[in-house]
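Asker: What follows is a predicted structure for the sequence shown.
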Amino acid sequence: MSSSIIAALQMNSGDDVAANLDAAETLLREAAAAGACLATLPENFAFMGARDRDKLAHGEADGSGPIQDRLSKLARELDLWIVAGTLPIRQDGGERVYAASCVYDSDGARVARYDKIHLFDIEVPGSGGERYRESNSIAPGQAQAVVVDTPVGRLGLSVCYDLRFPELYRRLVAAGAELLCVPAAFTVKTGEAHWDLLLRARAVENLCYVIAPGQCGTHPGGRGTYGHSLIVEPWGSVIATRAEGPGVVLATRDAQRQSELRAGFPALSHRRL
């Protein structure tokens, strides 16, 4: 596939896995019909329950399960590369799951897996007591950079709260990343303050495209997520976005422009630390 169109899919996932997978399929088909080569799903796209530990009941063995099998089939059927935001993969011998971001190629083969390393154990400032403790149900992944070759360029993987740790993105770029994926379920409060700011900063400082598919709206238990899925180009401009509601955000990667930017503004080669 020669297309350089990339898609960020915005969802409002709930606690019904089958319904969430149907919703994801609808958006993936829409992205493929629009000519996308690579489509990215948000964090927790297959399940968002009222309590963090509810996801444990839906943990799958690595490489096989209803969620993984459905994505593999769709990637193959649609001739589409898919970044599966995060899905719960069981921890061997443990009581938690990994928040795994899996990449499927257009033949349906899984070609990369990144497990979220920074866990959101936070009380949101100014929220009146909104708090999260992901480590109660999620095991952190190994602290390593995962980059995968795709038809639209070398893609670096990350998830949501990772966005606040720029050292991860430096490692991804050192490993050759040209695009950065940040599937998320950002809170409304932190999204209003920092979502756009941090995504544009990661794009500018690394001269990378940033693809950020997000959750939106209200979920079981009353949790609200910010939405505003977007795609940023390497000079920091938001080139496509969707504020509210499920849908597809599309943009085209201009590899020549990115190469010219990196050559003409060689900040990446000026690093001293």
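Answerer: Arrived safely, thanks for sending. Numbering: from 1, shown residues only.
Asker: first to last residue in stretch 239-253, what's the distance?
Answerer: 10 Å (CA to CA, to the nearest Å).
Asker: That stretch: which residues count as buried?
Answerer: 239, 240, 241, 242, 246, 247, 248, 249, 250, 251, 252, 253 (16 or more other CB atoms under 10 Å). (C-beta placed from N, C-alpha, C; glycine too.)
Asker: now do stretch 8-28
Answerer: Result for stretch 8-28 [16+ other CB under 10 Å]: buried residues 8-15, 17, 20-21, 23-25, 27-28.
Asker: tell me which of the buried residues of stretch 239-253 is nearest to residue 172?
Answerer: When these are ranked by distance to residue 172 (CB to CB), residue 253 comes first, at 16.1 Å.
Asker: Do you know the pLDDT at the closest one?
Answerer: In this model, residue 253 is scored at 98, pLDDT.
Asker: How many neighbouring residues does the closest residue to it other than its chain neighbours have?
Answerer: Nearest non-adjacent residue to residue 253, counting by CB to CB, 6 or more residues apart in numbering: residue 4, 4.7 Å away. The local packing of residue 4 (other CB atoms under 10 Å) involves 17 other residues.
Asker: so how far is residue 35 from residue 4?
Answerer: 10 Å (CB to CB, to the nearest Å).
Asker: Any stretches of this protein with poor pLDDT?
Answerer: Where the chain drops to pLDDT under 70, the residues are 1-2.
Asker: For the lengthiest strand in it, name the packing helices and strands.
Answerer: Across the chain, the strand with the greatest residue count (assigned by DSSP state E) is strand 81-90. Judged by 3 or more CB pairs under 8 Å, 6 or more residues apart in numbering; DSSP states H and E, the packing partners of strand 81-90 are strand 38-40, helix 66-78, strand 97-104.
Asker: Go through those and name the closest to residue 224.
Answerer: strand 97-104 (19.6 Å).
Asker: still on that earlier bit, quick check: angle from the longest strand of the chain to strand 97-104?
Answerer: Here strand 81-90 runs at an angle of 160 degrees relative to strand 97-104 (axes from the mean of the first three to the mean of the last three CA atoms, to 10 degrees).
Asker: Can you show me the CA trace of strand 81-90 as CSV?
Answerer: C-alpha atoms of strand 81-90 as CSV (Å, rounded to 0.1, in the frame of the first residue of the first chain):
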residue,chain,number,x,y,z
TRP,A,81,-2.1,-1.4,9.6
ILE,A,82,-3.7,-1.0,13.1
VAL,A,83,-2.3,0.3,16.3
ALA,A,84,-4.5,-1.2,19.0
GLY,A,85,-4.4,1.6,21.6
THR,A,86,-4.2,-0.6,24.7
LEU,A,87,-5.7,-3.9,25.5
PRO,A,88,-5.4,-6.0,28.6
ILE,A,89,-2.8,-8.8,28.4
ARG,A,90,-2.5,-11.1,31.4
